[in-house]
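Q: Quick one, fold the following:
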Amino acid sequence: MNINEREVLTSDGGLNVTLTIRLLMHGKVSEDLPTLPKGETVKKMREESGARINISDGSSPERIVTITGASEVIFKAFAMIAEKFEEDINACMINSTVTSKPPVTLRLVFPASQCGSLIGKGGSKIKEIRETTGAQVQVAGDLLPDSTERAVTVSGTPQAITQCVRHICTVMLESPPKGATIPYRPKPSTAGTVLAQPHASSVSILIIIIIIIIIVSNLNISLD
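A: Numbers count the residues shown, from 1 in each chain. The predicted structure follows:
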């Protein structure tokens, strides 16, 4: 989470800062996000929440959704995104034989240096957030590839997720990242390259076999 220097007072006298939170989504999910039910679009979501919402380009199986704005604006945008996902889940449940409704799940991305504060001593802080909001929170143990960031998975109802994000932001604001942050950038799919490698190896083996046959043939001729 990046926190800008601009700070303003909210209507109730609280401190409101401009910040950026990043979400990690599968490509298919992020592609569905721009076109929402009933003709709504990300453009309309931006207008209603006041947040800047951008989806990374590329052919990667994962996309980064960046949400920027004042804290209250961020929370409103998160609520709208979570509610959109719940609508999708409800739509899938209509013709499904599954009786247990899965929770809405979002994956946030934060600098690893801040995750210790989120977990707290002996897991006390993350336990407090779970009990207070009713949301489930999991901090990944490993860094995301080629970065200094970790994924933080939040699941529950849209209301629980929004409250959970509020608590997480409070912790992150109190514990700024230490040192330089290398952001996670999803890489494009390399399926084509992977498929080409066995082919190249097979050609090399075939050439070696042909050379051996030629050498053996020459030896036989010499012996004759």
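Q: what about the helices in the chain?
A: Secondary structure of the chain (DSSP state H): helices located at 27-32, 42-49, 71-94, 112-119, 124-133, 158-174, 191-223.
Q: what pairs with the spatially most central residue of the chain across the strands?
A: Central residue of the chain (Cα atoms, centre = their mean): L24, 1.4 Å from the mean position. Taking DSSP bridges as the rule, L24 bridges to I64.
Q: isn't it right up against A140?
A: No: contact criterion Cβ atoms under 8 Å: L24 and A140 do not qualify, at 10.3 Å. For the C-beta atoms, the positions are set from N, CA and C on the backbone; glycine is no exception.
Q: what do the two both touch?
A: Both L24 and A140 are contacted by A151, under the criterion Cβ atoms under 8 Å, 6 or more residues apart in numbering.
Q: thinking R166 is in contact with F75, fair?
A: Yes: R166 is within contact range of F75, at 5.9 Å (criterion: Cβ under 8 Å).
Q: And the lowest mean pLDDT element among the helices and strands of the chain?
A: Here the helix or strand of the chain ranked lowest by mean pLDDT, DSSP states H and E is strand 2-9, holding a mean of 41.
Q: ok, back up a step: got a list of what the residue nearest to the centre of the chain touches?
A: Contacts of L24 by Cβ under 8 Å, 6+ apart are E62, R63, I64, V65, R107, L108, V109, L144, A151, Y184, P186.
Q: Surely G50 is in contact with A70?
A: Yes: G50 lies in contact with A70 (Cβ under 8 Å); the separation is 7.5 Å.
Q: Between these two, which has more neighbouring residues?
A: Set G50 next to A70 and count neighbours by other Cβ atoms under 10 Å: A70 wins out with 19 against 13.
Q: For K125, grab the count of nearby residues.
A: With other Cβ under 10 Å as criterion, K125 counts 18.
Q: Okay, it and R185: tell me how far apart.
A: 29 Å (Cβ to Cβ, to the nearest Å).
Q: Send me stretch 142-161 as CSV with only the CA atoms.
A: This file holds the C-alpha atoms of stretch 142-161, laid out as CSV (Å, rounded to 0.1, in the frame of the first residue of the first chain):
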residue,chain,number,x,y,z
ASP,A,142,6.0,-16.8,0.6
LEU,A,143,6.8,-13.7,-1.4
LEU,A,144,5.1,-13.2,-4.7
PRO,A,145,7.6,-14.1,-7.6
ASP,A,146,10.4,-11.5,-8.2
SER,A,147,9.0,-9.1,-5.6
THR,A,148,9.1,-8.1,-2.0
GLU,A,149,5.3,-8.3,-1.6
ARG,A,150,3.0,-10.9,-0.2
ALA,A,151,-0.7,-11.8,-0.9
VAL,A,152,-3.2,-11.2,1.9
THR,A,153,-6.4,-13.2,1.3
VAL,A,154,-9.7,-11.8,2.7
SER,A,155,-12.9,-13.7,2.5
GLY,A,156,-16.5,-13.3,3.9
THR,A,157,-19.5,-11.2,3.2
PRO,A,158,-19.1,-7.8,1.4
GLN,A,159,-19.8,-6.0,4.6
ALA,A,160,-17.2,-8.1,6.5
ILE,A,161,-14.6,-7.6,3.8
